[in-house]
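A.B. asks: Predicted structure and sequence below. I'll ask about it afterward.
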Amino acid sequence: MANLTGRKRLWLAAALVAAAVLAGLAIRGLAAPPAAESFDAAAYAAAPIALPQGAAWQPSDLDAQGFAVAARTQRYELLVQPATGQVIVQDASSGERWRSNPDPAALENESVGGALRKNLESPFILEYYEQSKVQRLVTNVLEPSATPTFTAMDDGVAVRFDIGKLDMAFSMLYQLTADGFRVSIPAAGIEENGKFRILSIDPLPFFGAADDAVPGYLFVPDGPGGLIRFPREREIVGGGYYQYVYGPEMTNKTFGPVTVSMPVFGLKRGDRAFVAVIVAGEKASAIRGLPSGLVSTLNSVNARFLYREEYNRRLNLSGRSLRVFQEEPLREDRAIQYAFLEGEEADYAGMAKRYRQQLLDAGQLGPPLEPQPDVPLHLTLVGGDTIYYGSRRYETATTFGQAEEMLAQLKEAGLNNVRVTLLNWQRGGSMSPTLKLDPEKKLGGEEGLKALVDTAHELGYRLYLAADLVQGDSEALKLAPKTHGIRSAEGDVLFLDEYFFLNPNVTYELALDLIRDAGKLGADGILYDWLGDALFRDYNPQRGYTRNDTAAAFNRILELTRRELGGVGAYLGNAYALRSLTDIQQLPSETHKYYAIDETVPFYPMVLHGSVAYSMTDGNLRDNNEDEFLKAIEYGAVPAFTLTAESSRTLMDTKTRGLFASRFSQWKEKLVREYEAFNRLADIADQPMIGHAKRADGVFATKYANGTTVVVDYNAKSFRVEKGGAE
């Protein structure tokens with residue numbers, strides 16, 4: 001999974017290899033699915049966006065550029081161009097205009113021609129293909145056969161685009177909101193009546209696009225957040241920025257890191273900015289950032305909505321394949337909400353605060369953290385793991401008794417707030433997913449685990465169990481891949497090495513049992529692998545899970561875990577999972593080094609801080625110890641270590657072989673020293689992060705709601721805490 005998420009995992013060296021199970025392949029260990037409540041994904045589906053049925057919009061008083069007012073609020077006016085469907089959102093007080101497309105005067109400076117020029121003047125870019133061919137084609141509103149028609153709405157207007165030559169149509173709804181503007185594409189409005197099929201739609205691809213005359217930047221949600229500045233100070237390499245929200249769809253056998261954990265993007269120009277959040281259809285979307293010089297002289301950032309994807313269709317058993325498109329579209333509503341910022345709020349910090357507030361208003365971010373005298377330590381203790389070849393013997397790294405001794409030493413050293421996570425505590429370790437509460441006997445069995453839980457509580461610590469209920473070893477797991485594994489777009493079971501992925505409903509059923517048993521044990525929470533950092537479909541026609549359905553199932557598991565146990569954690573922390581999470585581990589601290597990105601910023605930490613405790617790279621797993629420690633301080637993270645009682649050499653032949661240095665006795669002194677440094681930030685652990693700025697080269701300041709500012713100096717390898725009054 002390391003290659004799928006980009007995070008530093010213990011089995012970092014494991015290779016990802018896609019394989020398929022043919023229909024006649026015999027599978028060992030067939031078993032009936034666990035008897036439990038099934039998950040009803042339909043019960044969690046959002047209400048569909050309805051197409052307006054009102055009267056036609058009758059534009060009047062067209063201005064010199066052919067725009068007419070379609071709606072007004074106290075703060076904004078919505079202007080629409082009947083000829084094309086272009087829009088302008090105008091601030092009623094300042095007169096500031098946000099255009100869906102470049103001003104005609106700006107277009108005079110463009111040298112690009114043909115279809116690219118037409119795209120600049122269109123409110124959408126639609127990618128399609130002809131059923132008998134595998135060729136991507138593009139169209140826009142300026143094609144001779146494209147006709148917009150309008151329906152009036154109370155807060156805006158709906159425009160239906162009929163593309164006659166393709167015998168297809170779709171609708172876009174433009175609506176004013178309290179702090180901005182919303183554009184929607186209802187699933188009910190999409191029509192494909194001929195031989196052409198929609199692949200993707202970019203709504204308002206050049207909304208707010210800016211030239212290089214006024215300095216600014218594009219914000220993209222890569223890692224913790226990335227800026228693409230303009231005018232550029234270095235040469236453009238590559239094709240700009242383009243990444244899937246929540247990662248590519250693995251059931252199409254497209255593998256890659258999850259670099260985008262938030263469905264949000266933005267643009268700043270001078271003292272004005274917008275932040276845009278994909279509020280519907282985000283799990284089947286991508287974010288594109290284009291610096292000037294690639295397509296035009298403009299800098300733009302937008303969302304692309306995906307309706308079909310490519311995949312390899314196998315032609316014969318020898319492995320020959322043909323690249324094809326999915327026949328059935330993903331019928332989901334799509335929507336983007338834009339909020340406009342000005343003055344001191346018009347920067348990435350203001351964007352983060354607005355996005356955070358939107359999540360809070362929607363109930364998608366948990367309640368504020370309680371003030372505590374000490375910061376929490378995310379301590380992961382690795383029980384051991386199974387040798388992945390030959391005898392498959394379980395190798396012990398930390399018995400439950402040894403874990404008790406380690407926790408007692410930390411308490412004696414003055415650590416009062418520790419959240420312990422046990423990894424590979426179950427029989428078989430990482431080779432066996434957590435089908436039930438079955439502690440490894442070599443670690444001390446159920447009796448030893450119960451004693452460890454009791455000891456942790458006596459010390460005032462919390463104890464979580466790590467669980468993987470998504471991925472299973474085909475030989476060790478007592479569930480049949482053909483019956484319980486997810487299917488690719490081609491219909492075969494999806495494998496990565498010897499592992500396959502369980503259908504989300506099976507994961508849900510297993511989770512119910514684990515939550516119940518963990519509660520009886522006295523565990524304080526569960527740290528789930530995959531649930532917060534990966535989404536996928538299941539093309540099995542008997543189940544037919546979309547990424548939306550998978551997210552709903554995973555969210556329900558997280559919700560039940562928090563309700564029953566009090567705590568629930570995940571890796572990476574994709575935005576769809578935030579409502580229930582109390583803890584996130586391995587939150588990214590860097591962007592993924594795309595050439596277009598100029599600067600990494602703590603956008604995601606600003607969204608999370610004060611609501612979720614998050615840690616970054618473990619203190620014993622860093623590549624650059626001093627700088628990564630300081631980055632965790634700058635970004636408001638809590639300390640984290642992953643340790644063992646024995647040498648990590650015991651794990652060399654297991655899936656946990658990427659843990660190179662982990663012996664507690666060798667790391668204890670550094671852990672205590674680092675914890676004491678982090679604990680200087682205890683007063684702000686529950687506070688929202690409200691500001692972040694660069695004071696000088698290598699010097700950054702992070703401000704919190706209680707007035708405290710943390711200044712990190714990478715040059716001096718130090719940080720200081722400046723107290724201030726609450727804001």
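C.D. replies: Arrived safely. Numbering: from 1, shown residues only.
A.B. asks: average pLDDT across stretch 160-174?
C.D. replies: Stretch 160-174 shows a mean pLDDT of 97 in the predicted model.
A.B. asks: Might you calculate how far that stretch sits from the centre of the chain?
C.D. replies: With CA atoms, centre = their mean, to the nearest Å as the basis, stretch 160-174 stands 31 Å off its chain's centre.
A.B. asks: got the buried residues for it?
C.D. replies: For stretch 160-174, the neighbour count (16 or more other CB atoms under 10 Å) marks Arg160, Phe161, Asp162, Ile163, Leu166, Met168, Ala169, Phe170, Ser171, Met172, Leu173, Tyr174 as buried. Heads up, the C-betas are built off the backbone N, CA and C, glycines and all.
A.B. asks: Secondary structure and distance to Asp211 added to those residues, as a markdown table?
C.D. replies: Output for the buried residues of stretch 160-174, formatted as a markdown table (DSSP: H, G, I helix; E, B strand; the rest coil; distance: CB to CB, whole Å):
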| residue | secondary structure | distance to Asp211 |
| --- | --- | --- |
| Arg160 | strand | 32 |
| Phe161 | strand | 28 |
| Asp162 | strand | 33 |
| Ile163 | strand | 30 |
| Leu166 | helix | 33 |
| Met168 | strand | 33 |
| Ala169 | strand | 34 |
| Phe170 | strand | 30 |
| Ser171 | strand | 31 |
| Met172 | strand | 26 |
| Leu173 | strand | 29 |
| Tyr174 | strand | 24 |
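A.B. asks: Next, Ala178: phi, psi?
C.D. replies: Dihedral pair for Ala178: phi -60, psi -40, per degrees, to the nearest 10.
A.B. asks: I'd like to know how far the nearest residue to it once chain neighbours are set aside sits from Gly180.
C.D. replies: Nearest residue to Ala178, sequence neighbours excluded (CB to CB, 6 or more residues apart in numbering): Thr73, at 7.4 Å. According to CB to CB, to the nearest Å, Thr73 and Gly180 sit 10 Å apart.
A.B. asks: of those two, who's got more company?
C.D. replies: The neighbour comparison of Thr73 against Gly180 (other CB atoms under 10 Å) goes to Gly180, with 21 against 14.
A.B. asks: Does the more buried one touch Val89 like I think?
C.D. replies: Yes - counting by CB atoms under 8 Å, Gly180 does reach Val89; the two are 7.1 Å apart.
A.B. asks: Quickly list what's touching both of these two.
C.D. replies: Tyr76, Tyr338, Phe340 (CB atoms under 8 Å, 6 or more residues apart in numbering).
A.B. asks: any idea which of those residues is closest to Gly569?
C.D. replies: Of all those, Tyr338 has the smallest distance to Gly569: 32.8 Å, by CB to CB.
A.B. asks: Share the number of residues neighbouring that closest one, please.
C.D. replies: 21.
A.B. asks: Check Thr149 too.
C.D. replies: Neighbour tally, Thr149, other CB under 10 Å: 15.
A.B. asks: Quick one: classify it as helix, strand or coil.
C.D. replies: At Thr149 the chain is in strand, as set by DSSP: H, G, I helix; E, B strand; the rest coil.
A.B. asks: cool, Glu669 as well?
C.D. replies: Glu669 ends up helix, using three-state DSSP.
A.B. asks: State whether Arg673 is indeed within a helix.
C.D. replies: Yes - assessed by three-state DSSP, Arg673 belongs to a helix.
A.B. asks: contacting residues for it?
C.D. replies: Per CB under 8 Å, 6+ apart, neighbours of Arg673: none.
A.B. asks: And for Thr386?
C.D. replies: Listed by CB under 8 Å, 6+ apart, the contact partners of Thr386 are Arg392, Arg393, Tyr394, Glu395, Gly428, Gly429, Ser430, Met431, Ser432, Thr654, Lys655.
A.B. asks: Now it: phi and psi?
C.D. replies: Main-chain dihedrals, Thr386, degrees, to the nearest 10: phi -100, psi 140.
A.B. asks: Relative to Asp653, how far out is it?
C.D. replies: Taken as CB to CB, the span from Thr386 to Asp653 is 9 Å.
A.B. asks: if I look at those two, which residues touch both of them?
C.D. replies: Going by CB under 8 Å, 6+ apart, residues that sit against Thr386 and also against Asp653 are Glu395.
A.B. asks: Just read off the phi/psi values of the most centrally placed residue in the chain.
C.D. replies: With distances taken as CA atoms, centre = their mean, the residue of the chain nearest its centroid is Ser261 (1.9 Å). Phi and psi for Ser261, reported as degrees, to the nearest 10, are phi -100, psi 0.
A.B. asks: Report the contact partners of it.
C.D. replies: Applying CB under 8 Å, 6+ apart, the residues contacting Ser261 are Pro221, Tyr246, Asp533, Leu572, Gly573, Asn574, Ala575, Pro588, Tyr604.
A.B. asks: Three-state assignment for the closest residue to the fifth one other than its chain neighbours, please.
C.D. replies: The shortest distance from Gly573 to any residue that is not its chain neighbour, by CB to CB, 6+ apart, is 3.7 Å, and that residue is Ile584. Reducing the assignment at Ile584 to three states with three-state DSSP gives strand.
A.B. asks: Who are the contact partners of Ile584?
C.D. replies: Gly532, Gly569, Ala570, Tyr571, Leu572, Gly573, Leu608, Val612, Ala613, Tyr614, Ser615.
A.B. asks: coming back round to it: isn't the residue nearest to Ala178 right up against Asp179?
C.D. replies: No - Thr73 lies out of contact with Asp179 (CB under 8 Å); the separation is 9.8 Å.
A.B. asks: show me where the chain has helices.
C.D. replies: For the chain, the helices defined by DSSP state H occupy 2-5, 104-107, 114-120, 348-361, 400-412, 445-458, 481-484, 504-521, 547-565, 603-608, 625-634, 664-678.
A.B. asks: any idea how far Tyr714 lies from Glu628?
C.D. replies: Relative to Glu628, and taking CB to CB, Tyr714 is found at 11 Å.
A.B. asks: swap that for Phe664, please
C.D. replies: Using CB to CB, Phe664 is found at 21 Å from Glu628.
A.B. asks: Of the two, give the one with the bigger neighbour count.
C.D. replies: Each of Phe664 and Glu628 has its neighbours counted (other CB under 10 Å); Phe664 has more, 22 against 18.
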